[in-house]
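*Asks:* Just the structure for this:
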Amino acid sequence: MSSNSLRAAPLYSLRRRSHHHLLYRHHYLSSLSFPTTDSKPHTSPFHFAHRRRLRRPSPAVMSSGSDLWYPFQLDEESDFERIVSPDGLLSVCGFGSLLSERSARSTFPDLIDFRVARLNGFRRVFAHVAPIFFERGIANPETKEISSLSVEPCEGETLIVTLFSIKKSEILSFIEREHEFRFLAVLPESLDGIPFTSAAVLCARFSDEEYLQIRCKGSQETYFKRYGRYNIHKIWRDDILPCRVYLRHCVLAAKNLGHAAYGNFLDHTFLGDRKTTIREYLVTTGSGIMEEEPPEPLKTRYGG
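*Replies:* Have a look, this model is predicted:
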């Protein structure tokens, strides 16, 4: 990615803590709570958000040469193309397994510019049933240890994440890989607190209703092919626990990024109750997880 695409916005950096900015942040982020799994369709504040500008009272932070306000939703390939850089690259935001560069490269072998960043206004939550864990034999339905991570808006929360860039030609495979997620264009910042001027894609929490309607185009057959065959009838649940192998992998990946990322993951990642942090979980109900080795065929893939 060109250096220009990562240049921070100095004007916003100087004004980012103005009264108007803080007022906007309070009112806007407080409205971004996602629907629960039993909510009605089309109730999400991000539903078709890409078709309107999200206005705010203070000067906006925008991608270079763009009139888009962040965050906004991406549903189709053409939506993704709106945030592709002039040199044909798309930035992706990693918060779980993609905290690991090795893991990211196993999916995107040609990625470039793997780096660490900060994302404000979101938290990590283990509330997503992952079919890949059933395919790989590491899900435990009896104990409900079947969850991977997603993120959701939460005022006052800050995540340390990774960013990397992929080619425009990889957008469709990216959508396919993360099929059940809500795709948001967000604007991360450097660890020094200076926002970047180019957006990144974030895989956020969807609702079951929106997933069926938007991604599956209302097709129960498509849903069954991806989930029903594993006897999964709800994707987004708050009563499930982390897949043990996956959680260990994410913790190790965060630790490999350094002390700040490691502490951030432990203290800003939650179970579905939104109260229990992963730091607390690993010394109580989840004790012993970090001492467990992945199955031999998955040791590299889930090795942190």
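*Asks:* Let's verify Ala104: helix, strand, or coil?
*Replies:* At Ala104 the chain is in helix, as set by DSSP: H, G, I helix; E, B strand; the rest coil.
*Asks:* Just the pLDDT at it, thanks.
*Replies:* Reading off the confidence values, Ala104 has pLDDT 93.
*Asks:* so what's it up against?
*Replies:* Contact partners of Ala104, counting by Cβ atoms under 8 Å, 6 or more residues apart in numbering, are Gly94, Ser97, Leu98, Leu111, Phe114, Thr162, Phe164. C-beta here means a position set from N, CA and C on the backbone, and glycine is covered the same way.
*Asks:* How about it: what's its closest non-neighbour residue?
*Replies:* Nearest in space to Ala104, with sequence neighbours left out and distances taken as Cβ to Cβ, 6 or more residues apart in numbering, is Leu98 at 4.8 Å.
*Asks:* what about the one you found, how many residues close to it?
*Replies:* 24 (other Cβ atoms under 10 Å).
*Asks:* Next one: it from Gly288, what distance?
*Replies:* Distance of Leu98 to Gly288, given as Cβ to Cβ, to the nearest Å: 25 Å.
*Asks:* And for Lys275?
*Replies:* Lys275 is 22 Å from Gly288, by Cβ to Cβ.
*Asks:* same check, this time on Thr277
*Replies:* Distance, Thr277 to Gly288, by Cβ to Cβ: 17 Å.
*Asks:* Settle it for me: which of those two has more neighbours?
*Replies:* Thr277 (16 against 9).
*Asks:* can you pull the contacts of that one?
*Replies:* Contacts of Thr277 (Cβ under 8 Å, 6+ apart): Leu266, Asp267, His268, Thr269, Phe270.
*Asks:* at 7 Å instead, please
*Replies:* Leu266, Asp267, Thr269, Phe270 (Cβ atoms under 7 Å, 6 or more residues apart in numbering).
*Asks:* From what I see, the second one and Glu280 are in contact.
*Replies:* I take that to be Asp267. No: judged on Cβ atoms under 7 Å, Asp267 makes no contact with Glu280 at a distance of 9.2 Å.
*Asks:* When those two are compared, which one has more neighbours?
*Replies:* Neighbour tally, Asp267 and Glu280, criterion other Cβ under 10 Å: the higher count belongs to Glu280, 15 against 12.
*Asks:* Please report phi then psi for that one.
*Replies:* Glu280 has phi and psi values of phi -70, psi -40 when expressed as degrees, to the nearest 10.
*Asks:* Can you tell me which of the contacts of Thr277 is nearest Glu81?
*Replies:* Nearest to Glu81, judged by Cβ to Cβ, of the contacts of Thr277 is Thr269 at 31.5 Å.
*Asks:* Which residues are in contact with the closest one?
*Replies:* Contacts of Thr269 (Cβ under 7 Å, 6+ apart): Arg124, Thr277, Ile278.
*Asks:* Filter those down to the ones in helices?
*Replies:* Judged by DSSP state H, the subset of the contacts of Thr269 located in helices is Ile278.
*Asks:* Any chance of CSV for the contacts of Ala104, columns distance to Val251 and pLDDT?
*Replies:* Formatted as CSV, these follow (distance: Cβ to Cβ, whole Å; pLDDT from 0 to 100):
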residue, distance to Val251, pLDDT
Gly94, 14, 96
Ser97, 11, 94
Leu98, 14, 95
Leu111, 22, 96
Phe114, 19, 96
Thr162, 15, 97
Phe164, 20, 96
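*Asks:* Please dump those into CSV; it should also carry distance to Arg105 and secondary structure for every row.
*Replies:* Listed next are the contacts of Ala104 as CSV, based on distance: Cβ to Cβ, whole Å; DSSP: H, G, I helix; E, B strand; the rest coil:
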residue, distance to Arg105, secondary structure
Gly94, 11, strand
Ser97, 12, helix
Leu98, 10, helix
Leu111, 6, coil
Phe114, 8, strand
Thr162, 12, strand
Phe164, 9, strand
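*Asks:* Tell me where the model's unsure across the chain.
*Replies:* 1-69 (pLDDT under 70).
*Asks:* Could I get the full set of helices for it?
*Replies:* For the chain, the helices defined by DSSP H occupy 10-15, 19-29, 77-81, 101-107, 131-135, 171-177, 208-210, 220-226, 244-256, 259-267, 278-282.
*Asks:* on contacts alone, who are the packing partners of the last one?
*Replies:* Pointing back at helix 278-282 there. For helix 278-282, the elements it packs on are helix 259-267, judged by 3 or more Cβ pairs under 7 Å, 6 or more residues apart in numbering; DSSP states H and E.
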